[in-house]
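In: Sequence and predicted structure, then a few things I'm wondering about:
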Amino acid sequence: MVVPPALTAETLFERYLWPLYPDDARRDLALARRADANPAENPAVLAHLEDAARVFESMAPALFGKDDPRLDRSDASVHRLSVAVTAARRDTWASRGKAGTADNELFNVIVHAAAYVGACVVAQHHGRWRVRRPLWESVVSLESRAGNAELVILQWLVKSLADPAPASPDVPSVPAITLADRYRTHVEIPCLEPGGLARVVENADRRIPRLAKVRYASLHQHLRAHLPEIRDLGEDFPSAERFEAMRLTSLDFLVVGDGRMVVLFGPGEGGAYLFWLTAAGFEKSAHLPADSFPAPLLQVDGEKLRVLLQVDGKRVAHEMLWWGP
């Protein structure tokens, strides 16, 4: 059986969006992505982005059916949208209307979804639109404790719709980074106010035993037995497939932030893995590449976490605040 080639982000962009770019943008896309197309911040131009977000809200029930992500401009709605945007739906949308035209449904999903996700950043985190030409290339400027950033949401959508890179004898298949992954990393985490988090456990000195044999099912059993306060990891925690691919050899559980978070830490495929849990469940994760020996070590030092590991034979220390990178 012939396996069709993976549908990459580059292929998606070239097939479904690129033919619709104006000539000047096609001549110099990098310039088009830098140039402010609305320096006076004309509200009539910004209204077109709002209209595009509303169009996507009206499209959603027909696009997703029983999996309607309930688009209410919340952060949670972006996570629901991420789950609903599947490869099967992508292929269905791509089949409706000629590729490379404004009649193609996948094109319309991408550009209107980008406007919707941007509208969520504006509504929830005081982001500001920075208009580009064509309009769907517009970015959202976000100020947070991490600094200033311009969020390239259209590219997030295209990348999240691409197939994972195929495995090879030397490189294992890596699951695609989802829209929710990017939204959490670039929006929710930088805007997090850790002092306002509810406590996971009241006793910040509580000790949770190590999980020595790590499996997706055994993790859930361990949490039920030793951390019943977290009833649900949430739909954004890595899937069973993604989790098993990490090949974790053990997991330690550290209570940090005066009981406001629990950090799961363990060595696995290609380095060290960290997962942050709040009272609401999974918050974020990180992977730090490292040699397999000696085993990585996590230390808690006041408000800081320090990860000690070895990379290419050299000892390396990563420091971050307790609520993560």
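Out: Cool, got the structure.

In: all strands of the stretch 151-300 of the chain, in order?
Out: 208-211, 251-256, 261-268, 271-278, 281-289, 297-301 (DSSP state E, counting those that start in this stretch).

In: Go through those strands and name the closest to Val131.
Out: Among those, the nearest to Val131 by CB to CB is strand 281-289 (30.3 Å). Where you see a C-beta, it was placed from the backbone N, CA and C, and this is true even at glycine.

In: mind listing what that closest one pairs with, with the direction of each?
Out: Take DSSP bridges as the rule and strand 281-289 pairs in its sheet with strand 271-278 (antiparallel).

In: I'd like to know how far Arg184 sits from Arg260.
Out: 17 Å (CB to CB, to the nearest Å).

In: out of the strands of the stretch 151-300 of the chain, which comes closest to His318?
Out: Nearest to His318, of the strands of the stretch 151-300 of the chain and by CB to CB, is strand 281-289 at 5.8 Å.

In: Please identify the buried residues of that closest one?
Out: Of all the residues in strand 281-289, those buried under the rule 16 or more other CB atoms under 10 Å are 282-286, 288.

In: Same question for stretch 194-212.
Out: Those would be 194, 197, 199-201, 208, 211, for stretch 194-212 by 16+ other CB under 10 Å.

In: Distance to Ser138 and pLDDT for the residues you listed - can I get that in JSON lines?
Out: JSON lines is the format used below for the buried residues of stretch 194-212 (distance: CB to CB, whole Å; pLDDT from 0 to 100):
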{"residue": "Pro194", "distance to Ser138": "31", "pLDDT": "83"}
{"residue": "Leu197", "distance to Ser138": "32", "pLDDT": "86"}
{"residue": "Arg199", "distance to Ser138": "40", "pLDDT": "92"}
{"residue": "Val200", "distance to Ser138": "38", "pLDDT": "92"}
{"residue": "Val201", "distance to Ser138": "43", "pLDDT": "90"}
{"residue": "Ile208", "distance to Ser138": "45", "pLDDT": "94"}
{"residue": "Leu211", "distance to Ser138": "45", "pLDDT": "96"}
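
In: Nearest to Val45, out of the strands of the stretch 151-300 of the chain?
Out: Per CB to CB, nearest to Val45 of these: strand 281-289, 34.4 Å.

In: Using CSV, write out every CA atom in that closest one.
Out: Below are the C-alpha coordinates for strand 281-289, written out as CSV (Å, rounded to 0.1, in the frame of the first residue of the first chain):
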residue,chain,number,x,y,z
GLY,A,281,-5.5,20.3,36.1
PHE,A,282,-2.8,20.5,33.4
GLU,A,283,-1.3,23.9,33.0
LYS,A,284,1.8,23.5,30.8
SER,A,285,4.8,21.2,30.1
ALA,A,286,8.4,21.5,29.0
HIS,A,287,11.0,19.2,27.5
LEU,A,288,14.7,19.8,28.2
PRO,A,289,17.1,17.8,25.9
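
In: can you give me the angle that strand makes with strand 261-268?
Out: Strand 281-289 and strand 261-268 are oriented at 40 degrees to each other (axes from the mean of the first three to the mean of the last three CA atoms, to 10 degrees).

In: Could you pull up the contacting residues of the residue lying closest to His287 once chain neighbours are set aside?
Out: Spatial nearest neighbour of His287, chain neighbours left out: Tyr273 (5.6 Å); criterion: CB to CB, 6 or more residues apart in numbering. The contact partners of Tyr273, taken as CB atoms under 8 Å, 6 or more residues apart in numbering, are 246, 248, 264-267, 285-288.

In: what's the closest of those to Ala53?
Out: Nearest member of these to Ala53, counting by CB to CB, is Ser285, at 28.8 Å.

In: ok, that closest one touching Ala272?
Out: No - the pair Ser285 / Ala272 is not scored as a contact, 11.1 Å apart, by CB atoms under 8 Å.

In: and Arg215, how far is that from Ser292?
Out: Relative to Ser292, Arg215 is positioned 20 Å away (CB to CB).

In: With Val200 instead?
Out: Per CB to CB, Val200 is found 31 Å from Ser292.

In: Repeat that for Leu277.
Out: In this view, Leu277 and Ser292 are 26 Å apart by CB to CB.

In: more neighbours, the two?
Out: Leu277 (22 against 13; other CB atoms under 10 Å).

In: Tell me where the chain is predicted with low confidence.
Out: 1-4, 165-176 (pLDDT under 70).

In: how's it carved up into domains?
Out: 9-165+174-191, 199-321 (automatic domain parsing).

In: how about the helices in the stretch 51-200 of the chain?
Out: Here the stretch 51-200 of the chain has its helices, by DSSP state H, counting those that start in this stretch, at 75-84, 87-94, 105-125, 153-161, 179-183, 189-191.

In: With mean neighbour count and distance to Asp312 added, can I get these in TSV?
Out: Formatted as TSV, the helices of the stretch 51-200 of the chain follow (neighbours: other CB atoms under 10 Å; distance: least, CB to CB, whole Å):
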stretch	mean neighbour count	distance to Asp312
helix 75-84	20	35
helix 87-94	15	36
helix 105-125	22	38
helix 153-161	22	29
helix 179-183	22	27
helix 189-191	18	28
